[in-house]
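Participant: Mind looking at a prediction? Sequence and model below.
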Amino acid sequence: MRLKGMSEKANKNNSGFTLVETLIAITLISLIGIPVFMVFSETLGFTEKIKDLNRWNKELIQLENVLRKSVAEVQVPFWISDIELTEGVDIIRVPYWNGDVNSVLEMQIEDTILKITTPRGSTIFKGYDGVEFDFLKDNGSGTIGLSIVVKKTKKENITFQCAFGSIGREVFTNNL
């Protein structure tokens, strides 16, 4: 009989968790899990922002390289006092690309596409809302390069200042 009583007592103790114990366990898991989930979701959002910023920076580096290289190919002869630019709506043409008055550097924006064209070919950058062109001047008010401001939605406007490759006597006196 003694054995029978012990086994009944053992069955009572091993019958499972009570409702109160289950509620306490769920509450503890929630108290730990909710903050962990919030941190994880914020981390994912932050990671996406970093990826977007990295794409934007990579694009700006590529744009800067193309602009600097293209504008550096403009070589103005010493007998020209100032460069005449052909300007239109969202387009600019700079003569003397590679020292030839008939060769031009052309930059234009059309339907959010920035296109930079030289006699060697064109490079296209997508997703821009506008571009502003201005001259870089030296102390004597001579044009020495271009200032280019690119605009993109939800991004800060970026200004590139690009100098012409050679101005005046640097190249052209050697060719005479």
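Facilitator: Thanks, I have it. Residues are numbered from 1 along each chain as shown.
Participant: what about the helices in the protein?
Facilitator: 2-13, 19-72, 169-175 (DSSP state H).
Participant: ok, and the closest non-adjacent residue to the residue positioned nearest the centre of the chain?
Facilitator: Nearest to the mean C-alpha position of the chain, by Cα atoms, centre = their mean, lies residue 56 at 1.6 Å. Leaving aside its chain neighbours, residue 56 sits nearest to residue 155 (6.4 Å; criterion: Cβ to Cβ, 6 or more residues apart in numbering). For glycine as for every other residue, the C-beta is placed from the backbone atoms N, C-alpha and C.
Participant: and the one you found, how many neighbours does it have?
Facilitator: 16 (other Cβ atoms under 10 Å).
Participant: let's have the chain start at 306 instead
Facilitator: Will do, 306 is the new start, and the previous item becomes residue 460.
Participant: which strands and helices sit next to the longest strand along the chain?
Facilitator: Across the chain, the longest stretch assigned as strand under DSSP state E is strand 405-415. Secondary-structure packing of strand 405-415 (3 or more Cβ pairs under 8 Å, 6 or more residues apart in numbering; DSSP states H and E): strand 396-402, strand 418-423, strand 435-442.
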